[in-house]
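1. Structure for this input, please:
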Amino acid sequence: MLSEKVDVNIFGCLGEGFYSGYVSSDKVKNNKAYILSRTPVKDNFQGVVVAVANFENNEKRLIVAPENQTFYEPEICSRLDSLRNVKLTSIKCLFEKSCGGIVFYNGKQNTKILLVKNTNGKYWSFPKGHIEKNESEKETAAREIKEETGLDVDIVGDFREVSDYCPFGKIRKHVVFFLAQAFTDEVKLQEEEIAEYIWVDLQQARKICSYDNDLRIIDKAETAIKLIK
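-> Presented below is the predicted three-dimensional model:
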């Protein structure tokens, strides 16, 4: 149901920009739903399913928002946590936000950047992970780098590059990358998440990385690293 357009009928307000109601479409008829909106909404409008939430007692509800409004998991969960006598057990969201870093290390001979390959992935990229409740983007990036590689890093400069893509199905990923300086090249992998790692110079990174977004970010990172050095 993610990304499906539905007709929304609101019957109650649960908080600012948070409502209960029913939704209908060709696939569902008068299903109970929770509605989120950053702007005032009418009692009847067309929305988009931005999440599917599962609660205790096997209850499932669609989370709907007006078209062209984006809600990520931490914000949705925060709203659902405010409900009384309702406990969220799992959620699948249309929009996923992650943060990570272009991790670089200034060695004796040259500057190297760190590439990783996920346990369920085929391609080399950069350390990253989902943003959590009450975290800033930079806090997420530093935490995920530490968890995945064991490296303590400094987020440096004003480098901030965004990669938007749909890796599979209807999920829409929004990834924010920062420049992260490491002070050792000794990596300790989070083996349940990361299968391999490699330190390479920027020219090698361009040969190894496959996606246009990654190549664009490498180019931007090279310029930024030179300014920091």
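
2. Check the spacing between the residue most central in space within the chain and residue 13 real quick.
-> Nearest to the centroid of the C-alpha atoms of the chain, with distances taken as CA atoms, centre = their mean, sits residue 97, at 1.9 Å. Residue 97 sits at a distance of 27 Å from residue 13 (criterion: CB to CB, to the nearest Å). Every residue, glycine included, has its C-beta placed from N, CA and C.

3. and the residue nearest to the centre of the chain, how far is that from residue 70?
-> With distances taken as CB to CB, residue 97 is found 9 Å from residue 70.

4. what pLDDT does residue 84 get?
-> The pLDDT attached to residue 84 in the predicted structure is 86.

5. what do you get for residue 229?
-> Per-residue pLDDT puts residue 229 at 63.

6. on that earlier part again, name the nearest residue to the residue nearest to the centre of the chain, ignoring sequence neighbours.
-> Excluding the flanking residues, the one nearest residue 97 by CB to CB, 6 or more residues apart in numbering is residue 72, at 4.5 Å.

7. what's the residue nearest to residue 210 when sequence neighbours are not counted in contact with, if anything?
-> On the basis of CB to CB, 6+ apart, the spatially nearest residue to residue 210 that is not a chain neighbour turns out to be residue 123, at 5.1 Å. The contact partners of residue 123, taken as CB atoms under 8 Å, 6 or more residues apart in numbering, are 117, 209, 210, 211.

8. Give me the below-cutoff pLDDT ranges for this structure.
-> For the chain, the stretches with pLDDT under 70 are 229.

9. which residues of the protein fall in strands?
-> Listed in chain order, the strands of the chain (DSSP state E) span residues 5-15, 18-24, 31-36, 44-55, 59-66, 88-93, 95-106, 111-118, 128-130, 153-165, 172-182, 194-200.

10. closest to residue 140 out of those?
-> Between residue 140 and the strands of the chain, the tightest spacing by CB to CB is seen for strand 95-106, at 3.9 Å.

11. Mind splitting the protein into its structural domains?
-> Split into domains by automatic domain parsing, the chain comes to 5-93, 97-228.

12. Distance across the shortest one, terminal residue to terminal residue?
-> Think domain 5-93. Between the opening and closing residues of domain 5-93 we find a distance of 15 Å, counting by CA to CA, to the nearest Å.

13. quick revisit: which of the contacts of residue 123 are buried? Put it as a ChimeraX command.
-> Those of the contacts of residue 123 that count as buried under 16 or more other CB atoms under 10 Å are selected in ChimeraX with:
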select :117,209
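
14. Rebuild the contacts of residue 123 as CSV, extending it with distance to residue 30.
-> Listed next are those as CSV, based on distance: CB to CB, whole Å:
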residue, distance to residue 30
117, 46
209, 48
210, 46
211, 42
